[in-house]
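Visitor: predicted structure and sequence below. I'll ask about it afterward.
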There are 2 protein chains.
Amino acid sequence: MQHSSDFCVSPLDLRQAAQARRDDLLHPHGYREGTAGYLMTSEYSCLDAGLTASQAIDMLRREAADAETIYQSYVLDEQRNLRGTLSLRELILAAPEQPIEQIMVHKVICVCTATRQEEVARLIRQHDLLAVPVLDEGGRLVGLVTCDDALDVVVDEATEDFHKGASITNHVGNLRDATVSLLYRKRVLWLVLLVFGNLFSGAGIAAFEETIAAHIVLVFFLPLLVDSGGNAGAQSATLMVRGLATGEVVMRDWLRMLGRECGVALALGATMAVAVASLGALRGGVDVAIIVASSMLVIVLLGSLIGMSLPFMFTKLKLDPATASGPLVTSIADAAGVLVYFGIASYVLGI
Amino acid sequence: MQHSSDFCVSPLDLRQAAQARRDDLLHPHGYREGTAGYLMTSEYSCLDAGLTASQAIDMLRREAADAETIYQSYVLDEQRNLRGTLSLRELILAAPEQPIEQIMVHKVICVCTATRQEEVARLIRQHDLLAVPVLDEGGRLVGLVTCDDALDVVVDEATEDFHKGASITNHVGNLRDATVSLLYRKRVLWLVLLVFGNLFSGAGIAAFEETIAAHIVLVFFLPLLVDSGGNAGAQSATLMVRGLATGEVVMRDWLRMLGRECGVALALGATMAVAVASLGALRGGVDVAIIVASSMLVIVLLGSLIGMSLPFMFTKLKLDPATASGPLVTSIADAAGVLVYFGIASYVLGI
């Protein structure tokens, strides 16, 4: 291979670079977990811009043992800046004597070492890439993330979000092999925190003890009304959490989403108000029907707005929005529901 | 290409086969959505066993325009049964004159057209495959599913499970573009169903109206106790739903999981009983402390066992276990919690 110039690294250089970068991970200034830098492999194949297609194939043949993939190669300049990319398919299809400079794609989709792994996976998925190159702050190629890495990221992220949505802390690992003690530790914190969260609902009820004592029938509708707010809130929160995770929704969509959510929640609340009004009339007369129906409308609206806003708020505060779905939203919506219900009841019944 | 025999299809045949199979999808006997048959592309590259490595590369070069991927090729016999597979990497590394029969891998990981798409994605992920071949009932190769298809499947399935976990019906599509009317329709059914589910909690409360009227302080602890059962249940259900979705847990693990769940739930229940006992003593004396603490233990245990069992039950009934996480579990656990709480209260207070 006469055309190989000094800036094109040999497999030996690649191995040394890979080792150096592996040591880096243990270094205090290494790449953070959850970033492209942490996920990437340094065993990429790179080519010299001066090669022809058949020379490039020859070179890949020699690199094949050391590279993670030879199906996508990168062309670098003297500063290791990325000049272009080409696939083995393009190389195979090209005339053997054609210079790879003419074949390569100049506009390369790439990420930097600090890019979050979900974003890397999203790019790979969106553009059907086999691999995405990773650049350092100086724009130099330092590694690549492949489609099968993206697959692992997506599954792990989905599992973690799923667990957070039910207030389970961090990774449980393989569920089948998890011990009683591990599961206890992952679950207990949030359960106890939510108990204290529910104290607000309890305090709300205590504040209206007189109203309840005078109209014990109101208690019958308590779980129904309060849970409906929590359920509607959980739906809204889940839609938003997943939308933010897949990148369908971004922060600046919040206001538009809020407007739409009001519309959806009013329609849902009205439907459910009708569903419970007859039940209220049946058990407690017209007064109770009015209380129950209007409470339902307000509670579903309030629960939905809380549910859709929390994931945005968590994102803004740099917390994981997934924590905001499920029990946390439900607890907050519950407490709001108690106040709304007994507040309306006290007003209508004139207590 | 002198060695190509009649059982090795040409690009033209491939195109026709692909068209035929695309028409198939519209046919009543076509492949069901969610299966490998529905997901696969028929544009795979196949090779004649009699070729040498360099002849195989020449052949792939000609097929490249029509094949989904030329990085993994399949060797078929006269009946189109799969005899082996080989990657372009192996072909490039092989001596040009080496027969591909000597290079190819004979034991191929493959799926059949009816294999569920989650299972296909799991195999691709587990074995870091670029693609997995799909066989029909007769063991003939009919298509392949690639890693980027698997990525889409995994993201879509996770989103769908996530939504079902919050009782949202089926696909919402891109959240950003969803209309008010679409969101209403996806959310209203479950919300209304859950209202009727909550009637059981209401009925439970009504059955104990006397107890409540005599000891109005009990109502203060109602949301706290009942929600704790629901929260513990949602955690268990979520862990199981995700475990079943990723294949970490299978049906026959149920009994072992049940035993472990009892241990975890008892530990969680005991912790939370301690947390609320002092609160009970503070607000209502020793009697209330005993009622609240023992109710908490039983409610958390019951909620957890319901939560972990429902996803298995749904799987057994061929329903999607994801439906069993979130609000459905919470509603059932809530109703059970009301009965346990007021049952214990009536017994201790001697009403």
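Guide: Sure thing, it's come through. Residues are numbered from 1 along each chain as shown, chains lettered A, B, ... in the order given.
Visitor: list the residues that contact residue A:132.
Guide: A:36, A:109, A:110, A:111, A:120, A:123, A:124, A:144, A:145 (C-beta atoms under 8 Å, 6 or more residues apart in numbering or on different chains). Where you see a C-beta, it was placed from the backbone N, CA and C, and this is true even at glycine.
Visitor: contacts only, for the residue nearest to the fourth one when sequence neighbours are not counted.
Guide: It stands for residue A:111. Spatially, and ignoring its direct neighbours in sequence, residue A:111 is nearest to residue A:36 (4.8 Å; C-beta to C-beta, 6 or more residues apart in numbering or on different chains). Remark: with contacts taken as C-beta under 8 Å, 6+ apart, residue A:36 is in contact with A:111, A:112, A:113, A:114, A:115, A:116, A:117, A:120, A:132, A:134, A:143, A:145.
Visitor: from these, which two are the most distant?
Guide: With C-beta to C-beta as the measure, no two of the contacts of residue A:36 lie farther apart than A:116 and A:143, at 15.5 Å.
Visitor: okay but residue A:296 is in contact with residue A:279, surely?
Guide: No: Residue A:296 lies out of contact with residue A:279 (C-beta atoms under 8 Å); the separation is 10.4 Å.
Visitor: and these two? Which one has more around it.
Guide: Set side by side, residue A:296 and residue A:279 give different neighbour counts by other C-beta atoms under 10 Å in any protein chain shown, the larger being at residue A:296 (30 against 20).
Visitor: distance of residue A:183 from residue B:128?
Guide: 29 Å (C-beta to C-beta, to the nearest Å).
Visitor: more crowded one of those two?
Guide: Comparing residue A:183 with residue B:128 by other C-beta under 10 Å, the one with more neighbours is residue A:183, at 23 against 13.
Visitor: show me what the strand or helix carrying residue A:338 is packed up against.
Guide: Here residue A:338, judged by DSSP states H and E, is contained in helix A:327-349. Here helix A:327-349 touches helix A:180-207, helix A:209-214, helix A:217-246, helix A:254-316, helix B:217-246, going by 3 or more C-beta pairs under 8 Å, 6 or more residues apart in numbering or on different chains; DSSP states H and E.
Visitor: turn these into TSV, columns for mean pLDDT and distance to residue B:30.
Guide: TSV is the format used below for the helices and strands packed on helix A:327-349 (pLDDT from 0 to 100; distance: least, C-beta to C-beta, whole Å):
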stretch	mean pLDDT	distance to residue B:30
helix A:180-207	85	44
helix A:209-214	85	60
helix A:217-246	87	29
helix A:254-316	91	35
helix B:217-246	87	26
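Visitor: of residue A:116 and residue A:143, which one has the most company?
Guide: residue A:143 (25 against 16).
Visitor: residues contacting the closest residue to residue A:197 other than its chain neighbours?
Guide: Leaving out its chain neighbours, the residue that sits closest to residue A:197 by C-beta to C-beta, 6+ apart is residue A:331, at 4.0 Å. Shown in contact with residue A:331 (C-beta under 8 Å, 6+ apart): A:194, A:197, A:198, A:200, A:201, A:230, B:227.
Visitor: how close does the residue nearest the centre of chain A sit to residue B:121?
Guide: Taking C-alpha atoms, centre = their mean, the centroid of chain A lies closest to residue A:245, which sits 2.8 Å from it. Applying C-beta to C-beta, the value for residue A:245 to residue B:121 is 18 Å.
Visitor: cool, residue A:227 as well?
Guide: Counting by C-beta to C-beta, the separation of residue A:227 from residue B:121 is 35 Å.
Visitor: return the subset of the contacts of residue A:36 lying in strands.
Guide: A:111, A:112, A:132, A:134, A:143, A:145 (DSSP state E).
Visitor: ok, of those residues, which one's closest to residue A:47?
Guide: residue A:143 (16.2 Å).
Visitor: show me what contacts the closest one?
Guide: A:21, A:36, A:37, A:40, A:41, A:42, A:44, A:113, A:133, A:134.
Visitor: give the contact list for the nearest residue to it once chain neighbours are set aside.
Guide: Nearest non-adjacent residue to residue A:143, counting by C-beta to C-beta, 6+ apart: residue A:40, 3.2 Å away. Each residue near residue A:40 by C-beta under 8 Å, 6+ apart is listed here: A:113, A:134, A:142, A:143, A:144, A:145.
Visitor: I'd like the distance between residue A:40 and residue A:86.
Guide: 20 Å.
Visitor: please apply the same query to residue A:241.
Guide: With C-beta to C-beta as the criterion, residue A:241 and residue A:86 are 39 Å apart.
Visitor: pretty sure residue A:180 sits against residue B:267.
Guide: Yes: using C-beta under 8 Å, residue A:180 is in contact with residue B:267, at 7.0 Å.
Visitor: break chain A into its domains for me.
Guide: Domain ranges of chain A: A:11-161, A:180-349, per automatic domain parsing.
Visitor: run the chain-centre distance for the first one.
Guide: Read it as domain A:11-161. Relative to the centre of its chain, domain A:11-161 is centred 24 Å away, using C-alpha atoms, centre = their mean, to the nearest Å.
Visitor: tally of neighbours for the residue lying closest to residue A:323 once chain neighbours are set aside?
Guide: In this structure, residue A:323 finds its nearest non-sequential neighbour in residue A:164, 5.0 Å apart by C-beta to C-beta, 6+ apart. Neighbour count for residue A:164, taken as other C-beta under 10 Å: 22.
Visitor: what sits against residue A:164?
Guide: So residue A:164 contacts A:320, A:322, A:323, A:325, A:326 (C-beta under 8 Å, 6+ apart).
Visitor: distance of the first one from chain B?
Guide: What that stands for is residue A:320. For residue A:320, the distance to chain B equals 14 Å [C-beta to the nearest C-beta, to the nearest Å].
Visitor: what does that residue show for phi and psi?
Guide: Dihedral pair for residue A:320: phi -70, psi 120, per degrees, to the nearest 10.
Visitor: would you agree it is in contact with residue A:310?
Guide: No: using C-beta under 8 Å, residue A:320 makes no contact with residue A:310, being 11.6 Å away.
Visitor: which of the two has more residues huddled nearby?
Guide: residue A:310 (24 against 15).
Visitor: name the nearest residue to that one, sequence neighbours excluded.
Guide: Closest to residue A:310 by C-beta to C-beta, 6+ apart is residue A:324, at 3.9 Å.
Visitor: looks like that neighbour contacts residue A:313 (just checking).
Guide: Yes: the pair residue A:324 and residue A:313 passes the contact test of C-beta under 8 Å, sitting 7.5 Å apart.
Visitor: compare the two (neighbour count), which wins?
Guide: residue A:324 (28 against 13).
Visitor: contacting residues for that one?
Guide: Here residue A:324 is in contact with A:237, A:241, A:310, A:311, A:313, A:314 (C-beta under 8 Å, 6+ apart).
Visitor: could you work out the most separated pair of those?
Guide: The widest separation within those (C-beta to C-beta) is 12.0 Å, between A:241 and A:313.
Visitor: how near is residue A:287 to chain B?
Guide: 18 Å.
Visitor: returning to that earlier point: how about the residue nearest to the centre of chain A, nearest residue that isn't a chain neighbour?
Guide: Here the residue nearest residue A:245, using C-beta to C-beta, 6+ apart, is residue A:161, at 5.8 Å.
Visitor: buried set for the strand or helix carrying that neighbour?
Guide: Residue A:161 belongs to helix A:147-165 when assigned by DSSP H and E. Buried residues in helix A:147-165, counting neighbours by 16 or more other C-beta atoms under 10 Å in any protein chain shown, are found at A:147-155, A:157-165.
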